[in-house]
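Asker: Fold the following for me, if possible:
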Amino acid sequence: MAQHAFIVPADLPGPSGGLTYNQRVLAQWRASGLDVEEVAVPGGWPNPSPADRQALAQRLPQHGTVLIDGIIGSAAPEELARAAAAGTEIALLIHLPLPAESGLSPEERQRLAGSERAAVHAAHTIVCTSSWARDDLQARYGLDAVAVAEPGVDAAALAAGSAAPRLLFLGAVTPRKNPLGLLQALGGLTELPWTGVIAGPEGQDPGYAAQVRAAAEALPEGRATVVGAVGGEQLETLWSETDLLVLPSLAETYGMVVTEALARGIPALVGAGTGAQDALCGDAEGSRAGLPTPGDALDPHDPRAWSARLQEFLSNASMRQQWRGAAQAHRARLRTWSHAAQDLRTAIEW
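Answerer: Next up is the predicted model:
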């Protein structure tokens, strides 16, 4: 049995940034020789059944040191507490604080917050993937020590873009990611040349996804296309044709798609006050400090502000070139997955 275990969800619909993060750090650790077992636990996390929780309870004590994805661990505080009392060293990796998800009723938000509060106090170490998440967790639960291990990104070829500027939304089609707000902002800009693509899994909230498809179809034909989840060559083709990433999330821990865009020299327009703004600008004291902002961050609740900024981008070739140049400057200084894996390993003392 491996010295360490990384407990991850087996049934979470994807693709998602959290799943990608887990897989990439695992790959880096194994390449470096770290003895770690991936333990994929089934269940409807973060809303597990009693059987889901029992299965987790049986796995936790089998390892001396455990890193557990927050979508599981934050929903199973009693299981964490029992395993910790029995001698298992537990680190909790939180990609997104559970109550920060959108579309929750007040009762659901309160229940998830209570569960996560108990979980973070049961674990020995808390790690999250952005400064935004750290600040949220500290304020929400009164925590003192929360480590940060930001994601990395792979090197990629520069995007060529398109003749008419191509706007890309890439992420789960959910209220939190807010593609409906984006389409609302674009509705008054049909006299300008542009095309838009909404790409990402639609299974998390089918009702909302249907509203997004209807809003895209209400625009003039060919302006906005909803393509569902993408990967492989289809995703690379989308990236190569993109001129601006648009991510109007209401809440975002980090927004790995932002650095993936920058790796291709693509600027981004993101939600202000979210972790995506950190991904866009970089740490104030990090390798990207002092570089011009490769895009902008706007209030995701204000579609008029988004419409005005998009109108400026679409009608101003000089601005588009300036943002692209800034994105290319950031491209040369982005973190790699080896940096992310080492930061996480340091935080959990593996």
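
Asker: In contact with residue 162, which residues are there?
Answerer: 195, 241, 242, 243 (C-beta atoms under 8 Å, 6 or more residues apart in numbering). C-beta here means a position set from N, CA and C on the backbone, and glycine is covered the same way.

Asker: Strands of the chain, start to end?
Answerer: Under the criterion DSSP state E, strands of the chain are mapped to 4-9, 36-41, 65-69, 89-94, 125-128, 147-148, 166-170, 195-199, 224-228, 244-247, 268-271, 295-298.

Asker: Parallel or antiparallel, which strands does the last one pair with?
Answerer: Right, strand 295-298. strand 268-271 (parallel) (DSSP bridges).

Asker: Name the residues of the partner strand that are buried.
Answerer: Within strand 268-271, the residues scored as buried using 16 or more other C-beta atoms under 10 Å are 268, 269, 270, 271.

Asker: ditto for stretch 337-344
Answerer: For stretch 337-344, using 16+ other C-beta under 10 Å, the buried residues are 337, 339, 340, 341, 342, 343, 344.

Asker: For those, give me JSON lines that also has pLDDT.
Answerer: Shown next, in JSON lines, are those (pLDDT from 0 to 100):
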{"residue": "337", "pLDDT": "96"}
{"residue": "339", "pLDDT": "95"}
{"residue": "340", "pLDDT": "96"}
{"residue": "341", "pLDDT": "97"}
{"residue": "342", "pLDDT": "97"}
{"residue": "343", "pLDDT": "97"}
{"residue": "344", "pLDDT": "98"}
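
Asker: picking up where we left off before, can you put the strands of the chain in TSV and add distance to residue 213 and mean pLDDT?
Answerer: What follows is those, written out as TSV (distance: least, C-beta to C-beta, whole Å; pLDDT from 0 to 100):
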stretch	distance to residue 213	mean pLDDT
strand 4-9	27	96
strand 36-41	32	95
strand 65-69	30	97
strand 89-94	32	98
strand 125-128	33	98
strand 147-148	37	96
strand 166-170	13	98
strand 195-199	8	98
strand 224-228	5	97
strand 244-247	17	98
strand 268-271	22	98
strand 295-298	24	98
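
Asker: Tell me which of those sits nearest to residue 17.
Answerer: Proximity to residue 17 (C-beta to C-beta) singles out strand 166-170 among the strands of the chain, at 10.2 Å.

Asker: Pull out the buried residues from that closest one.
Answerer: 166, 167, 168, 169, 170.

Asker: got a markdown table for the strands of the chain, with distance to residue 277 too?
Answerer: Output for these, formatted as a markdown table (distance: least, C-beta to C-beta, whole Å):
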| stretch | distance to residue 277 |
| --- | --- |
| strand 4-9 | 27 |
| strand 36-41 | 32 |
| strand 65-69 | 24 |
| strand 89-94 | 19 |
| strand 125-128 | 16 |
| strand 147-148 | 15 |
| strand 166-170 | 17 |
| strand 195-199 | 21 |
| strand 224-228 | 25 |
| strand 244-247 | 10 |
| strand 268-271 | 6 |
| strand 295-298 | 4 |
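
Asker: which one of the ones you listed lies closest to residue 176?
Answerer: That would be strand 268-271 among the strands of the chain, by C-beta to C-beta, at 9.9 Å.
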